[in-house]
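Q: Give me a model of this one.
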Amino acid sequence: MEQKKVIIDGPQVSVIIPTYNRPTQLGQAIASAVGQTYSNLQIIVVNDGGCDVSDVVKQFSDANIKFIDRPVNRGKAYSLNEAIAEANSKYIAYLDDDDIYYPNHIESLVEALENSDEYQAAYSDLYKTYSRQMPDEKRHVLGKVLEVSRDFDRYFILYFNHVLHVSLMHTKKILEKTGLYNENLRVLIDWDITRRLVFFTDFCHVGKITGEYNTPAGENDRISYLQRKEGGSFAKDFLTIRTSRPAKPWTKLKDLSIILTAQRLDRLAGKTVGSIWKETFYPYKLYIPVCNAQTNGLNTDMPNLVFVPAKEGSSQDEQIDTALGQCEGDFVAIVPADFAIEQMWIEEPLYGLIQNHQKKVAYSLDQTGQKNLPAVFRKDELLASRKKFSNLSAEESISKYGIEVRKLEPKEIPFQFDSLLKEAKEAEQNGCWREASEIYEYIGRQYKNQLWMNALAAQSLYKSGEHTRSLELAGKINRERPTVDTLLLEAKICKEQGDLIRATRLLERAREILNGVYPDGNN
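A: Take a look at the predicted model:
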């Protein structure tokens, strides 16, 4: 991979700042964008029909700032698309009006992207800042924690977003593939675009803390907070995002086709279809082979649903063969209409198949491993088995062709990292601090995310009474990437050991971070 030298005055970056009725906090956000060490910036501020903030913008006499002052509220997605249309840069970055960048934010992300041809997106780590809004609308910071410092996980992002929008930078060009922001969405707008990005690129995780995202304490007026309380609309947006499929070709994801076999589209089939829609997060299309007279029997507006014309009274084998001729997916799951759909019903066996590079392997969906159906297959192998042994039943042809339908083993289940993390948190809740620390350290060795895991282990070790090991881990983290929590922990142990000078220096560094100054360099 060719290495490129990055200079501060490199390719232009457009920083998009949408705002709505936060004039005091907006000034802090703009100031943090203007104060970047990276100079080639275009800063686009979009007033989404909120109060007049022109004076706030004008106080920054910076020629790089473009102000879009729209009198009508159209929503955040509309504002982002409006700004992207005005962006004339190589890279796009985002900054909400109540969040801030540290001076090295843009430089760190540009350096990561310019030094590799592999990535079209990068993200950094951020402090989660807990605050209370004061009567003068200024924020009183209550605390800062590094809540997440997670390495890129494509499968997990399909399920749940772990890349915060304020930490993200991507090429503008990739939006030609993903499409722009969905203006019909009111919540989870950032996850929608992040999820579509993973169809086309890996993300580079820059392990630096380069900013803060604000989390108001208690009830607040955030639009996203208020709309999350509207269960129906939130669920609709959630399902819309999970069924979103950018135009092909996809360069980083393989497609899944689900064939639902049913003698007729009755209430049971309808329930199964609804459950597939509700529970499936991997990108898919659902194919239902059925005669034309029955298509009206399924009353649903489910996206990615394809009715495949089939003869009335077709057998399951005939339905499978008919649907296979139209499936676009690299993987094919065959599911009877009476199959019980639960959370992770397809994602777990599919993950096993994706990770298993052996030929002629499929994974059972019912986890008994005793039958060849229902199961998920590589399409080319399933198709070959049916063509070669078309005179046999689907189950018989799969076996005759030599496809091994396996039961998923525990080590093949996805999200091992998250399962262990949950286990460690439960150990902490039960007061088993030593057990928790061992799990955190194991996760760091096996599943990366080592700085984050070491920080959690250091806290658990301290509470278990193992202060020497806790000090070792906290000190190592603070030399590489200090955080408020790890600085306070190291200072506490240093004080206990009588090293008051070092403890004082560590407390001063923690105080600086709380006051908005992120210190670089070593202890």
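
Q: Please, which helix or strand holds the nearest residue to residue 471 once chain neighbours are set aside?
A: Using Cβ to Cβ, 6 or more residues apart in numbering and skipping residues adjacent in sequence, the residue nearest residue 471 is residue 493, 4.5 Å away. Bear in mind the C-beta positions are built from the backbone N, C-alpha and C, glycine included. Taking DSSP states H and E as the criterion, residue 493 maps to helix 484-496.

Q: Likewise for residue 362?
A: Going by DSSP H and E, residue 362 is part of strand 361-364.

Q: Which residue ranges of the stretch 201-350 of the chain form helices?
A: Assigned by DSSP state H, counting those that start in this stretch, the stretch 201-350 of the chain shows helices spanning 223-228, 231-242, 267-279, 316-324, 347-355.

Q: For the last one, C-alpha coordinates in CSV please.
A: Listed next in CSV are the C-alpha coordinates belonging to helix 347-355 (Å, rounded to 0.1, in the frame of the first residue of the first chain):
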residue,chain,number,x,y,z
GLU,A,347,-27.6,-13.5,11.5
GLU,A,348,-25.9,-16.1,13.7
PRO,A,349,-25.8,-19.0,11.2
LEU,A,350,-25.1,-16.5,8.4
TYR,A,351,-22.1,-15.2,10.3
GLY,A,352,-20.8,-18.7,10.7
LEU,A,353,-21.1,-19.2,6.9
ILE,A,354,-19.4,-15.9,6.1
GLN,A,355,-16.5,-16.8,8.4
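
Q: and it, which residues are buried?
A: 347-354 (16 or more other Cβ atoms under 10 Å).

Q: Give me the contacts around that helix.
A: 155, 159, 254, 256, 280-282, 331, 333, 361-365, 367, 375-378, 406, 408-409, 412-414 (Cβ atoms under 8 Å, 6 or more residues apart in numbering).

Q: In PyMOL, select just the buried ones from those.
A: The following PyMOL line selects those of those that are buried, judged by 16+ other Cβ under 10 Å:
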select buried, resi 155+159+256+280+281+282+331+333+361+362+363+364+365+375+376+377+378+406+408+412+414
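
Q: Sort out for me which of the contacts of helix 347-355 are in strands.
A: Within the contacts of helix 347-355, residues falling in strands by DSSP state E are 256, 331, 333, 361-364, 375-378, 406.

Q: Just want the angle from the helix or strand hosting residue 195 to helix 231-242.
A: If you go by DSSP H and E, residue 195 is part of helix 189-197. Helix 189-197 and helix 231-242 are oriented at 20 degrees to each other (axes from the mean of the first three to the mean of the last three Cα atoms, to 10 degrees).

Q: related to what we said a few turns ago, residue 463: which of the ones in strands among the contacts of helix 347-355 is nearest?
A: Nearest to residue 463 among the ones in strands among the contacts of helix 347-355, counting by Cβ to Cβ, is residue 363 at 41.1 Å.

Q: For the closest one, which residues count as its bridge partners?
A: Note on residue 363: beta-bridge partners by DSSP bridges are residue 376, residue 406.

Q: Now do the contacts for the residue nearest to residue 270 when sequence neighbours are not counted.
A: In this structure, residue 270 finds its nearest non-sequential neighbour in residue 298, 5.6 Å apart by Cβ to Cβ, 6+ apart. Residue 298 is in contact with 265, 269-270, 273, 288, counting by Cβ under 8 Å, 6+ apart.

Q: mind checking how far residue 298 is from residue 286?
A: 11 Å (Cβ to Cβ, to the nearest Å).

Q: Mutual contacts of those two, please.
A: residue 273.

Q: Tell me if residue 421 really is in a helix.
A: Yes. Judged by DSSP: H, G, I helix; E, B strand; the rest coil, residue 421 forms part of a helix.

Q: mind checking pLDDT for it?
A: Looking at residue 421, its pLDDT reads 96.

Q: so it makes contact with residue 443?
A: Yes. If you go by Cβ atoms under 8 Å, residue 421 and residue 443 touch, sitting 6.5 Å apart.

Q: so what's residue 140 up against?
A: Residue 140 sits next to 131-134 when contact means Cβ under 8 Å, 6+ apart.

Q: still on that earlier bit, tell me, how many residues neighbour the residue nearest to residue 471?
A: 22 (other Cβ atoms under 10 Å).

Q: any idea how far residue 476 is from it?
A: Taken as Cβ to Cβ, the span from residue 493 to residue 476 is 13 Å.

Q: Provide the backbone phi and psi angles at the nearest residue to residue 156 once chain neighbours are set aside.
A: Leaving aside its sequence neighbours, residue 156 sits nearest to residue 162 (Cβ to Cβ, 6+ apart; 6.0 Å). When quoted as degrees, to the nearest 10, the phi and psi of residue 162 stand at phi -120, psi 10.

Q: isn't residue 162 right up against residue 149?
A: No. Contact between residue 162 and residue 149 fails when scored by Cβ under 8 Å: they sit 9.9 Å apart.

Q: Using CSV, lay out the contacts of residue 140 together with distance to residue 294 and secondary structure.
A: Putting the contacts of residue 140 into CSV (distance: Cβ to Cβ, whole Å; DSSP: H, G, I helix; E, B strand; the rest coil) gives the following:
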residue, distance to residue 294, secondary structure
131, 57, strand
132, 59, strand
133, 57, strand
134, 63, coil
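
Q: Selecting buried members of the residues you listed in PyMOL, what would you type?
A: Here is the PyMOL command that selects only those of the contacts of residue 140 that count as buried (16+ other Cβ under 10 Å):
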select buried, resi 131+133
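
Q: show me what contacts the residue nearest to residue 471?
A: Counting by Cβ under 8 Å, 6+ apart, residue 493 touches 462, 467, 470-471, 474.

Q: For the stretch 201-350 of the chain, which residues score under the pLDDT cut-off?
A: 217-231, 293, 295-297 (pLDDT under 70).

Q: Same check on the chain?
A: In the chain (pLDDT under 70), the answer is 1-9, 137-138, 217-231, 293, 295-297, 369, 518-523.

Q: What residue spans form the domains of it?
A: With domains defined by automatic domain parsing, the chain comprises 13-242, 256-412, 416-514.

Q: could you dump these to JSON lines with distance to residue 250?
A: Converted to JSON lines, the domains of the chain look like this (distance: least, Cβ to Cβ, whole Å):
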{"stretch": "domain 13-242", "distance to residue 250": "5"}
{"stretch": "domain 256-412", "distance to residue 250": "8"}
{"stretch": "domain 416-514", "distance to residue 250": "24"}
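
Q: out of those, which comes closest to residue 249?
A: Of those, the one closest to residue 249 (Cβ to Cβ) turns out to be domain 13-242, at 9.0 Å.

Q: ok, back up a step: and the furthest pair within the contacts of residue 493?
A: 467 and 474, at 9.9 Å, using Cβ to Cβ across the contacts of residue 493.
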